[in-house]
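# what follows is a protein structure lacking sequence information:
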């Protein structure tokens, strides 16, 4: 699992919860001074063994790859007051509304 710091989000070319960067391990064609290359070099890497789990804090972008057959389980919970979530976000699996707004503002600033 590759875990990026929240401040790296602008370098990940995100659209919603997905990135257009397909192979985060292949930096051959990427400028080593690009924002993504810097974010990738500063990311955390975690190798999980059978039976292990990893807690992912909210708003920490990550990429997971399984080398063997595996099962991934996502568990989301709402721990903020209801006003912080969209009305259709029953389980808290989307970013809180203020975080979504902040990401939209970052995207707008990048387009300027």
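Sure, I can see it. Keep in mind it's a predicted model, so treat the numbers as computed, not measured.
# which residues of this protein score low on pLDDT?
Along the chain, the model assigns pLDDT under 70 to residues 16-17.
# residue boundaries of the strands in it?
Secondary structure of the chain by DSSP state E: the strands cover 2-3, 14-15, 18-19, 44-45, 62-63.
# residues contacting stretch 63-74, please?
Applying CB atoms under 8 Å, 6 or more residues apart in numbering, the contact partners of stretch 63-74 are 1, 2, 24, 93. C-betas here are computed from N, CA, C, even on glycine.
# how long is that stretch end to end?
With CA to CA, to the nearest Å as the measure, stretch 63-74 spans 13 Å from end to end.
# what's the neighbour count on residue 19?
For residue 19, the neighbour count with other CB atoms under 10 Å is 17.
# identify the residue spatially nearest to residue 77, adjacent ones excluded.
Spatial nearest neighbour of residue 77, chain neighbours left out: residue 92 (5.6 Å); criterion: CB to CB, 6 or more residues apart in numbering.
# any idea how far that neighbour lies from residue 12?
Per CB to CB, to the nearest Å, residue 92 is found 22 Å from residue 12.
# so for residue 76, which of the strands of the chain sits nearest?
Closest approach to residue 76 among the strands of the chain is made by strand 62-63 (14.1 Å; CB to CB).
# for the residue sitting nearest the centre point of the chain, phi and psi?
Most central in the chain under CA atoms, centre = their mean is residue 61, positioned 1.6 Å from the mean C-alpha point. When read as degrees, to the nearest 10, the backbone of residue 61 gives phi -60, psi 140.
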